[in-house]
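Peer 1: Dropping the sequence and predicted coords here.
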Amino acid sequence: MRDEQHIGVSAQLLAWYDLHAREMPWRVGPAARAAGVRPAPYRVWLSEVMLQQTTVAAVRDYFRRFTARWPTVEALAAAPDEAVMGEWAGLGYYARARNLLKCARVVARDHGGQFPDTYAGLIALPGIGPYTAAAIAAIAFDRAETVLDGNVERVMARLYDIHDALPGSKPVLKDHAAALTPLDRPGDHAQAVMDLGATICTPKSPACGICPLRDPCLGRARGTAPDLPRKAPKKDKPVRLGHVYLARHADGGWLMQRRPDRGLLGGMLGWPGSDWSEAPDPAPPFAAQWRELAGEVRHTFTHFHLILRIHTAELPDGPPPEGLHVVGKHAFRPSELPTVMRKAYDLWRGQ
DNA sequence: AAAACGTGGTC
DNA sequence: TGACCAAGTTT
């Protein structure tokens, strides 16, 4: 339900956004927006997928490189898998890149290169969940859908002083967010709430003094805002060990492995090696005098810490072992490796 | 429904 | 310096 209180809050928010919206490569400027220009659905989709669990600062350059290399969804759909995975390297959550390509190919093949313009049509596509479907529908197609991301959850929990912990409180927070969603400019409203959460209503030490919603905010009035939203405690991360093997040919090529299309770092290029566990068996890809580098790579994934030992040897002539291939000196680009694999290469380079 | 799934910045 | 956190989705 939407009453005068909600209308007042969303008006405040839009007024603030018109003055303080941050420049982003996927946004259209205020003047063009006022003239009714909407961002291309392809660009909205690409940016929203990149922004899943990822900061604006990290996404900017990736977005620019992707749109320069693949300006349309048809161009992206026609790209080889390895090119897209290589361009995504370093951004993390690589299932996003695999689903991005799947989605582009469905849109190109089954929808004539046009993204569906409804929540229901969008959420049926790979890699598009409730948040992203609502975001694209609102921002690209001006539909009055309500987005619920981490920012919106935090802003709603504080604005209405909701003490129930996430994720159980999601439905209540969504109801509040929906009541605020205007029929006019729903896309700008969605981006306004998220910008507010990212710049003013921050997780720690929110800037309530300069917040456009300081008057109606219950959390601020009651002093609870900085401690909201409550969340279930996180589990601690176990430590796992692993070995990787950097085999370099005299001509400068490297022995590498394309990881299987599912699971950790799925679809990405990497070094052959052991499994990652409490007590991994060393697993050199061929028999040789392997030399263990001094030092180690430490890397933290979402759910475990990894300590990686790096081994190196010269790669002999002849066909590579089963499942592996040689990446030539000029084809090898560290920037196309996931970060943990690039760290292993950096350690080798520094020896 | 809970767990898997990356990374870099921040305090 | 290590925990927390970011414009979530999939299984």
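Peer 2: Done, it's in.
Peer 1: Need the three-state assignment for the residue nearest to residue A:252 when sequence neighbours are not counted.
Peer 2: Leaving out its chain neighbours, the residue that sits closest to residue A:252 by CB to CB, 6 or more residues apart in numbering is residue A:329, at 3.0 Å. Every C-beta, even on glycine, is put in place using the N, C-alpha and C of the backbone. When classified by DSSP: H, G, I helix; E, B strand; the rest coil, residue A:329 comes out as coil.
Peer 1: What about residue A:329, how many residues nearby?
Peer 2: Residue A:329: 12 surrounding residues under other CB atoms under 10 Å.
Peer 1: same thing with residue A:15?
Peer 2: 12.
Peer 1: Give me every residue in chain A lying close to DNA strand C.
Peer 2: A:22, A:24, A:47-48, A:51-56, A:93, A:95, A:99, A:126-133, A:135, A:149-151, A:154, A:191, A:194-195, A:197-198, A:203-204, A:231, A:233-234, A:236-237, A:300 (CB under 7 Å from any atom of the strand).
Peer 1: so which strand or helix has the closest residue to DNA strand C within the stretch 201-350 of chain A?
Peer 2: Relative to DNA strand C, the nearest point of the stretch 201-350 of chain A is residue A:203 (4.2 Å; CB to the nearest atom of the strand). For residue A:203, there is no enclosing helix or strand under DSSP states H and E.
Peer 1: ditto for residue A:243
Peer 2: Per DSSP H and E: strand A:239-249 holds residue A:243.
Peer 1: Say whether DNA strand B is contacted by stretch A:324-337.
Peer 2: No. Shown here: stretch A:324-337 not in contact with DNA strand B (CB under 7 Å from any atom of the strand), separated by at least 7.8 Å.
Peer 1: Okay, domains of chain A per the record?
Peer 2: A:4-227, A:239-349 (automatic domain parsing).
Peer 1: Check the separation of the first and last residues in the first one.
Peer 2: Think domain A:4-227. 28 Å (CA to CA, to the nearest Å).
Peer 1: if we can go back for a sec, export the domains of chain A to CSV and tack on mean pLDDT?
Peer 2: Formatted as CSV, the domains of chain A follow (pLDDT from 0 to 100):
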stretch, mean pLDDT
domain A:4-227, 94
domain A:239-349, 96
